[in-house]
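> Here's my sequence, what's the structure:
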Amino acid sequence: MVSVGLYILETIAAIETVFRLSQQYALMLDKNVTVVPVEDQPDIEPRIEPLIGHSTHRTSIHHFSRHGLCSKFEGKRKLYKALKTKFCNTKLSFTAGFVVDLCRRRDGMLDKWVGELFDIDGDGFVTHHEKNIYNYIT
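Predicted structure coming up:
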């Protein structure tokens, strides 16, 4: 039974990896995005930035977690769906209680969870596409 649980966790990790790689590949093919090489430090990967004149709406993790997720029921439901993908083999009431507790406390732990779940590229901001990742999960 334990091996089945580990297999499920490995499968979820593989799916997340494929999803993140597909998003990076989509950014590379976008005409509105350019790759900025870093000459000073050759061991760092190049950053992906929008072209000049094209705006991308980005929200900080701190602002998105407090005002986008915890202030409305729809946001709490989105956070619940996201946490449900991370918490395997746990009761749904635990996940719901965890969401309520995170939104009640509104501290650094909420920022860390929102950053882990919604900030795919790790830049400290949540874009429009990252906000909509968990909309299609039931």
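> Domain parsing of this protein, as residue ranges.
Residue ranges for the domains of the chain, per automatic domain parsing: 1-55, 57-138.
> where in this protein is pLDDT low?
Residue ranges of the chain with pLDDT under 70: 1-7, 9, 13-14, 18-56, 137-138.
> just the strands in it please.
Per DSSP state E, the chain carries strands over the ranges 33-36, 47-50, 58-60, 125-127.
> Helices of this protein, start to end?
Secondary structure of the chain, counting by DSSP state H: helices at 2-29, 61-63, 73-86, 92-105, 108-118, 128-131.
> Tell me which residues touch the residue lying closest to residue 75 once chain neighbours are set aside, please.
Excluding its sequence neighbours, the residue lying closest to residue 75 (C-beta to C-beta, 6 or more residues apart in numbering) is residue 69, at 3.8 Å. From N, CA and C alone the C-beta is placed, and that goes for glycine too. Contact partners of residue 69, counting by C-beta atoms under 8 Å, 6 or more residues apart in numbering, are 75-76, 78-79, 103, 114.
> partners of the nearest residue to residue 64 once chain neighbours are set aside in the sheet?
Spatial nearest neighbour of residue 64, excluding adjacent residues (C-beta to C-beta, 6+ apart): residue 126 at 4.6 Å. Beta-bridge partners for residue 126, by DSSP bridges, are residue 59.
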